[in-house]
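# any chance you can model this:
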Amino acid sequence: MIDLLPLETLYEAAGGVEIPLPPELAARYGRLSFVRPPDGPYVISNFVTTLDGVVSLNIPGQSGGGEISGFNQHDRMVMGILRAVADAVVVGAGTLRAVPRHLWTAEFVYPPLAEAYRELRASTGRTEPPLNVIVTARGEIDLDLPVFRSPEVTPMIVTTRHGARRLREGSVPARAIVVSDDSDGAIDARQVIRAITSARPSQLILVEGGPSLLGDFLAVGCVDELFLTVAPQIAGRDQTGDRPGLVAGRSFAPEHAIWGTLIGIKRGESHLFLRYRFSR
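Numbers count the residues shown, from 1 in each chain. Sure thing, here's the model as predicted:
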């Protein structure tokens with residue numbers, strides 16, 4: 001048994017299709033349900049932020065979400081649950097550089113509940129780990145990192161024409177799926193979704209970062225729901241470095257402000273776990 005108290009549910013909106021969590025997860029998380037869209041996959045995102053809105057310290061070796069959450073066990077448990085029910089986990093090249101040894105699976109992020117995650121995944125009909133999707137416009141990624149070499153995951157790289165040329169200059173693993181379009185500009189989030197669904201039937205896609213990638217998905221109305229952990233930390237900002245917030249590279253308000261609907265609040269000691277739903 002692991003020493004992890006249950007999350008306290010403070011608010012939960014009714015509705016949705018309930019996901020049958022194994023007893024070990026249900027006892028710690030509570031109820032989990034999703035609204036099934038009429039067409040296409042359901043796209044969710046998961047981030048952790050400080051009280052002052054910082055999602056990354058942007059310091060080499062300390063740029064991941066762990067430094068923001070304080071390596072909180074509840075946060076890692078929730079990350080594991082979402083990965084366990086996802087058909088694909090999507091991150092940008094910046095996130096890959098921040099946590100280069102990472103694999104985007106439930107078992108990797110929170111090993112103490114690995115068996116429960118595998119049981120959950122099997123119960124939802126998912127027979128293999130989620131696609132690990134790396135989005136990179138320029139193709140400037142290290143192809144020797146574990147995500148591209150480990151037999152535990154299937155990697156997908158979504159890039160541009162220029163990025164694909166750069167990748168071909170290296171040694172792309174045979175098992176990696178490389179998808180590119182004919183442009184050399186920004187990658188449209190809808191292209192990422194099409195690439196995923198072309199490679200694998202997908203009901204749920206999880207976007208884990210970073211802020212620029214989330215902004216791209218929000219800009220084209222491709223985020224259905226946001227899981228947001230609020231950590232009881234004030235990180236601060238000064239004039240010498242850039243510490244990004246939840247979204248970077250995009251401006252929505254006031255002309256195109258994106259408003260969400262609160263559908264869940266859970267508490268784990270001083271951490272809050274929020275859920276917001278967005279209209280496409």
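# which stretches of the stretch 151-280 of the chain have low pLDDT?
When residues are selected by pLDDT under 70, those of the stretch 151-280 of the chain lie in 241.
# can you give me the helices in it?
Taking DSSP state H, counting those that start in this stretch as the test, the helices found in the stretch 151-280 of the chain are 161-168, 189-199, 211-219.
# tell me how far stretch 224-239 lies from the chain's centre.
In terms of CA atoms, centre = their mean, to the nearest Å, the centre of stretch 224-239 is set 15 Å apart from its chain centre.
# buried set for it?
224-231, 233, 235 (16 or more other CB atoms under 10 Å). (C-beta placed from N, C-alpha, C; glycine too.)
# of these, which is the nearest to Pro173?
Using CB to CB, Phe227 is the member of the buried residues of stretch 224-239 that lies nearest Pro173, at 30.6 Å.
# quick check: closest non-adjacent residue to the closest one.
Leaving aside its chain neighbours, Phe227 sits nearest to Asn46 (4.4 Å; criterion: CB to CB, 6 or more residues apart in numbering).
# using PDB, list the CA coordinates for the helix or strand containing the one you found.
Assigned by DSSP states H and E, Asn46 belongs to strand 42-49. What follows is strand 42-49, C-alpha atoms only, in PDB (Å, rounded to 0.1, in the frame of the first residue of the first chain):
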ATOM      1  CA  TYR A  42     -12.200  14.500 -26.900                       C
ATOM      2  CA  VAL A  43      -9.200  16.700 -26.300                       C
ATOM      3  CA  ILE A  44      -8.100  17.500 -22.700                       C
ATOM      4  CA  SER A  45      -5.100  19.300 -21.300                       C
ATOM      5  CA  ASN A  46      -3.300  18.900 -18.000                       C
ATOM      6  CA  PHE A  47      -1.100  21.600 -16.400                       C
ATOM      7  CA  VAL A  48       0.200  22.600 -13.000                       C
ATOM      8  CA  THR A  49       0.700  26.300 -12.000                       C
END
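# strands paired with that strand, and their directions?
strand 204-209 (parallel), strand 225-230 (parallel) (DSSP bridges).
# format those as CSV; extra columns: distance to Ala186.
Listed next are those as CSV, based on distance: least, CB to CB, whole Å:
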stretch, distance to Ala186
strand 204-209, 16
strand 225-230, 21
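# among the ones you listed, which is nearest Arg166?
Closest among the strands paired with strand 42-49, once you apply CB to CB, is strand 204-209, at 22.2 Å.
# what's in contact with the closest one?
Residues from elsewhere that reach strand 204-209 (CB atoms under 8 Å, 6 or more residues apart in numbering): 34, 41-47, 55, 65, 79, 82-83, 85-92, 94-95, 104, 130, 193, 196, 213-214, 217, 223.
# with only the CA atoms kept, save that strand in PDB.
These are the backbone C-alpha positions of strand 204-209, laid out as PDB (Å, rounded to 0.1, in the frame of the first residue of the first chain):
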ATOM      1  CA  LEU A 204      -9.300  10.900 -26.000                       C
ATOM      2  CA  ILE A 205      -6.200  13.000 -26.700                       C
ATOM      3  CA  LEU A 206      -4.200  14.500 -23.800                       C
ATOM      4  CA  VAL A 207      -2.100  17.700 -24.300                       C
ATOM      5  CA  GLU A 208       0.500  18.200 -21.700                       C
ATOM      6  CA  GLY A 209       2.400  21.200 -22.900                       C
END
